[in-house]
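Q: Turn this into a structure:
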Amino acid sequence: MPDRSEDIVRQRLLKLGKIRARGIDPYPHRYRPTHTLQKVGGLFQQWEAERGAALPEVKLAGRVVAHRPMGKATFLDIRDGSGKIQVYLRRDTLGEEKYDFLKELDIGDIIGVSGHLFRTKTGELSVEASDLSLLAKSIQPLPEKWHGLTDVEKRYRQRYLDLISSDRTRHIFVVRSKIIAAIRRFLDGREFVEVETPVLQPIAGGAMARPFITHHNALDQDLYLRIAIELYLKRLVVGGFDKVYEIGRVFRNEGISTKHNPEYTLLESYEAYADYNDVMAMVEEMVSTIAQQVLGTQQVVFASETIDLAPPWRRVTLREEILKRCGIDFENHPDAESLRTEMEAKGMEVDQSLGRGKLIDELLSTFVEPTLIQPTFVLDYPVELSPLAKRKPGSERLVERFEGFAGGIEIANAFTELNDPLEQRERFEEQERQRALLGDEETERMDEDFLQALAHGMPPTGGLGIGVDRLVMLLTDQQSIREVILFPQLRDKP
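A: Predicted coordinates:
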């Protein structure tokens, strides 16, 4: 026995056949609306203020989301990407044939209507249709709860249904677009140049992450989807682009969580003759400016916490925050074995394969990151964890690196970039040794081409990476990265 959805599809296919039998194309080539549904409100308000002789005539299009027949009159609600409006259809105005055609319409169909605007007795803005056109017949029904999908898995797998049914979801992705546009305006205003660099790379470098691998048939060569944009942008700094940035997808073959998706959008920027202090000042100004431009405020609510993004942001060192939160001073533990022993003594479960840098990162993620609700820069990281960053003056074990946190999540990562090609080679070699010793596939790889570029001379440079998806999470109060990525990665259906 067919289920209800199969029966609905069958009925709609029968209607489709009837429509074609009438000589009507249910999928016409074009239609030219005069206004979006959002703009008709302003048009009518202008008419109300001026009280012109004739009511405004409009030609609108949208998806039918409500259908209320009342004998010789019918009310439809239609929705486009900007809003919703009520359509009033009368047999006397449309004529018998077109009015009877309403019986072939279903929720989900896309239609066009022409007519004049008016307000009902209850004050609702509506359009009285003088003509009606079918623009696309919907064969599949909208979900039972089309006004808001509750099946989270279905929302992600069939995002188009989520967008049809949820004003909230549409709003998030409109805001996302505005955030990215605001990032570009901010950097363009500072005379940064936007560029594009390879997604397919012969060496997966610029970050400590496991890559995805593919194969180029014509070249008979294995390539990697990029895990970062850094090394190519720094090549451009060598070439004379003193301020350069890219916004693009990167790919990391890692676990999936509320903060991680295997592909995500990353902003990276590099500024010659700057250091991590300059980048810190730029980040707090950038994020607060974006919030003001897009949301109209520098105070946002995230996970029920009010977060003030206005500069200056709090600045703390990694060492003092870890010591404060769990009582471990990693400077007293110069090797992985000593640090691992201390962590185990405090009752922590420790992965025996992790090196000293990764262990310190575990302490940060576990004890510090969740406490950083108000915007905070955490400064000065161990060299093992930051092989591309310049050493902090007076310290052999620390580099000039910061991460920016807000709402308990990391949103920014930046260095004073290492520009000594000989030291950079030593760092790469040490990473390769760690890779061989510990079997850690997430260590930085040796990149001879990058080293050759660096040997031509790169000026002192401040580099920045911002996870755009996490920034959108913060500014739209979403606790899962899947809520801000239109098509997040999901397991295959069983």
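
Q: R391: neighbour count?
A: Other residues near R391 come to 17 when the count uses other CB atoms under 10 Å. (Glycine included, C-beta is placed from N, CA and C.)

Q: M282: what's it in contact with?
A: Applying CB atoms under 8 Å, 6 or more residues apart in numbering, we find M282 in contact with 190, 271, 464.

Q: Assign it to one of the three secondary structure states.
A: Here M282 is helix, with the state taken from DSSP: H, G, I helix; E, B strand; the rest coil.

Q: Any of the contacts of M282 buried? List them.
A: 271, 464 (16 or more other CB atoms under 10 Å).

Q: Okay, and which of the contacts of M282 map to strands?
A: 271, 464 (DSSP state E).

Q: Now pLDDT and distance to S82 too, for the contacts of M282, in JSON lines please.
A: What follows is these, written out as JSON lines (pLDDT from 0 to 100; distance: CB to CB, whole Å):
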{"residue": "R190", "pLDDT": "98", "distance to S82": "32"}
{"residue": "E271", "pLDDT": "98", "distance to S82": "38"}
{"residue": "L464", "pLDDT": "98", "distance to S82": "35"}
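
Q: Closest one to Q292 out of the contacts of M282, please.
A: Of all those, Q292 sits closest to R190, with 16.5 Å by CB to CB.

Q: pretty sure that closest one contacts K243?
A: Yes. Contact criterion CB atoms under 8 Å: R190 and K243 qualify, at 6.8 Å.

Q: Could you list the low-pLDDT ranges of this structure?
A: 1-3, 52-53, 144-150, 438-443, 494 (pLDDT under 70).

Q: which residues make contact with stretch 475-483 from outside it?
A: Residues contacting stretch 475-483 (CB under 8 Å, 6+ apart): 156, 171-172, 175-176, 179, 257-261, 264, 290-291, 294-295, 300-303, 469-470, 472-473, 484, 488.

Q: same thing with stretch 164-183?
A: Counting by CB under 8 Å, 6+ apart, residues outside stretch 164-183 touching it are 63, 79, 81, 142-143, 145-149, 155, 159, 162-163, 247, 265, 267, 286, 289-290, 293-295, 466, 468, 471-472, 475-476, 478, 483-484, 486.

Q: which residues in the stretch 251-400 of the chain form strands?
A: 263-272, 299-302, 305-308, 314-317, 376-382, 398-406 (DSSP state E, counting those that start in this stretch).

Q: Run through the residues that contact K390.
A: Contacts of K390 (CB under 8 Å, 6+ apart): 399-400, 415-420.

Q: Now the buried members of the residues you listed.
A: Of the contacts of K390, these count as buried by 16+ other CB under 10 Å: 399-400, 415-419.

Q: Kindly indicate which of the residues you listed lies nearest Y99.
A: F415 (68.6 Å).

Q: how far off strand 376-382 does whichever strand or helix holds that closest one point, in degrees?
A: Taking DSSP states H and E as the criterion, F415 maps to strand 409-416. Strand 409-416 runs at 50 degrees relative to strand 376-382, counting by axes from the mean of the first three to the mean of the last three CA atoms, to 10 degrees.

Q: Strand 409-416 vs strand 263-272, what angle?
A: 30 degrees.

Q: Outside of strand 409-416 itself, list whatever touches it.
A: Everything outside strand 409-416 that qualifies as a contact, by CB under 8 Å, 6+ apart, is 259, 275-276, 279-280, 283, 287, 369, 386, 388-390, 399-405, 460-467, 470-471, 473-474.

Q: Buried members of these into ChimeraX, please.
A: Applying 16+ other CB under 10 Å to the contacts of strand 409-416, the buried members can be selected in ChimeraX as follows:
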select :259,275,276,279,280,283,287,369,386,388,389,390,399,400,401,402,403,404,405,461,462,463,464,465,466,467,470,471,473,474
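
Q: What separation is there between Y273 and G462?
A: 8 Å (CB to CB, to the nearest Å).

Q: now K243
A: Taking CB to CB, one finds K243 at 10 Å from G462.
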